[in-house]
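[1] have a look at this prediction, sequence included:
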Amino acid sequence: MSSVKHFLDIDRLDTKTLRAILDLAVNLKRDHIQGTSKPLFAGKTLVMIFEKPSTRTRVSFQVGMQQLGGQAVVMGESESQLGRGETVADTARVLSRYADAIMIRTDDPKKLDDLETYATVPVINGLTDSSHPCQIMADVMTFEEHRGPIKGKVVAWSGDGNNVANSWIHAAVRLGFTLRIACPDSLRPAPEILDWAASEGGDITVTDDAAHAVAGADLVNADTWISMGDADADERRRLLEPYRVDQALMDKAGPEALFMHCLPAHRGEEVTDEVLDGPQSVIWDEAENRLHAQKGILAWCLG
């Protein structure tokens, strides 16, 4: 069995490992703030493959490598032979001879699985259409900075049952918190992920009532309604209109509830300015913690 440590999805790791990665992230952030960081990644190179555009993922991974003494090589879709017919398997074999880790941000989760199969260095999921685990590690880190352990808390999601919602489902099961997802029936998370959560004993509720999902919650989440590549934008807006997070909805959450959004936000669509810029919002801490959470992931992957 391979000893290479990949970070592919939250459900593929056990609770102890996830907590160890979060602890690494917290410690690395503390060292950065105190100016005591060590060059843990000196001589290490991360290759990043972007088949989807990115602001936070690209900058946070690149800066994270640099802050700890390593370097990053960035390849866009037009800069890689993957876009010209080379197989993922061949790309994985070649990049493994050059780099110490590979991060990919892509549409098709099968490309991630193929990279894992054929790479001999760690592979990190920077996003697929099915999941976004790096984001949720940063979100959990942010919540715990403000409110303590997330275990036993109530997290609400209002909007599309998309890839970020899927990773919240994985995290709820592994880290022991309640997750309530409010979404239209046609945009529910896939039955297989909900079946997996149920089989693992997860406390997951899916409803079409945003107020029910948010009631008494410790954390409220929203995400953009229109993702890259969505062709049915007008219909999605119509379906998701009742799930906009405004102050009236936030007022139904717990008295110390936080609001998060993985960004970019479409102000006035999935969330109002009043909430996004309000006192319950921790979106800038959340965005910053992508940097530190991913340093924790890289440190764990690279040993």
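    Yes, it's here. Numbers count the residues shown, from 1 in each chain.
[2] please enumerate the helices of the stretch 51-200 of the chain.
    With helices called from DSSP state H, counting those that start in this stretch, the stretch 51-200 of the chain shows them at 56-67, 88-98, 109-118, 133-147, 163-175, 191-199.
[3] report the buried residues of the shortest one.
    Within helix 191-199, the residues that qualify as buried are I193, L194, W196, A197, counting by 16 or more other C-beta atoms under 10 Å. C-beta coordinates here come from the backbone N, C-alpha and C atoms, glycine included.
[4] for the helices of the stretch 51-200 of the chain, which one sits closest to E274?
    Comparison of these against E274 by C-beta to C-beta identifies helix 133-147 as nearest, at 19.7 Å.
[5] can you show me the CA trace of that closest one as CSV?
    The C-alpha trace of helix 133-147 is given here as CSV (Å, rounded to 0.1, in the frame of the first residue of the first chain):
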residue,chain,number,x,y,z
PRO,A,133,-12.4,20.2,1.0
CYS,A,134,-9.7,22.9,1.4
GLN,A,135,-12.4,25.5,1.8
ILE,A,136,-14.2,23.6,4.5
MET,A,137,-10.9,23.0,6.4
ALA,A,138,-10.5,26.8,6.4
ASP,A,139,-14.1,27.3,7.4
VAL,A,140,-13.8,24.9,10.4
MET,A,141,-10.6,26.6,11.5
THR,A,142,-12.3,30.0,11.3
PHE,A,143,-15.3,28.9,13.3
GLU,A,144,-13.2,27.4,16.0
GLU,A,145,-11.1,30.5,16.3
HIS,A,146,-14.2,32.5,17.1
ARG,A,147,-16.5,30.0,18.9
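[6] OK, contacts around F41?
    M65, L68, G69, G70, L298, L302 (C-beta atoms under 8 Å, 6 or more residues apart in numbering).
[7] hang on, the earlier thing: list just the nearest of the buried residues of helix 191-199 to N125.
    I193 (15.1 Å).
[8] need the helices of the stretch 51-200 of the chain in TSV (columns: mean pLDDT).
    TSV is the format used below for these (pLDDT from 0 to 100):
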stretch	mean pLDDT
helix 56-67	97
helix 88-98	95
helix 109-118	96
helix 133-147	98
helix 163-175	98
helix 191-199	98
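[9] and of the ones you listed, who's closest to E235?
    helix 163-175 (18.8 Å).
[10] which strands and helices lie in contact with that closest one?
    If you count contacts as 3 or more C-beta pairs under 8 Å, 6 or more residues apart in numbering; DSSP states H and E, helix 163-175 packs onto helix 15-34, helix 133-147, strand 154-158, strand 178-182, helix 191-199, strand 204-207.
[11] give me that answer again for 10 Å
    helix 15-34, strand 123-127, helix 133-147, strand 154-158, strand 178-182, helix 191-199, strand 204-207, strand 219-222 (3 or more C-beta pairs under 10 Å, 6 or more residues apart in numbering; DSSP states H and E).
[12] what about the fifth one, distance to the chain center?
    Same thing as strand 178-182. 17 Å (C-alpha atoms, centre = their mean, to the nearest Å).
[13] now do it against helix 163-175: the angle between them, please.
    With axes from the mean of the first three to the mean of the last three C-alpha atoms, to 10 degrees defining the directions, strand 178-182 sits at 160 degrees from helix 163-175.
[14] strand 178-182 pairs with which strands, and in what direction?
    Take DSSP bridges as the rule and strand 178-182 pairs in its sheet with strand 154-158 (parallel), strand 204-207 (parallel).
[15] and those, which is most packed in?
    Stretch with highest mean neighbour count among those: strand 154-158 (a mean of 28; mean count of other C-beta atoms under 10 Å).
[16] now it: average pLDDT?
    Taken as a whole, strand 154-158 has a mean pLDDT of 99.
[17] what's the neighbour count on the spatially closest residue to E270 that is not a sequence neighbour?
    Using C-beta to C-beta, 6 or more residues apart in numbering and skipping residues adjacent in sequence, the residue nearest E270 is A222, 4.6 Å away. Residues lying near A222 (other C-beta atoms under 10 Å) number 28.
[18] and the one 5 residues further on, by the same measure?
    Other residues near S227 number 15, with proximity taken as other C-beta under 10 Å.
[19] let me see the contact set for it.
    By C-beta atoms under 10 Å, 6 or more residues apart in numbering, the contact set of S227 is K52, D129, D160, N162, N163, V164, A233, R236.
[20] quick check: the second one touching T106?
    Going back to what we said before, that points to D129. Yes - D129 lies in contact with T106 (C-beta atoms under 10 Å); the separation is 8.2 Å.
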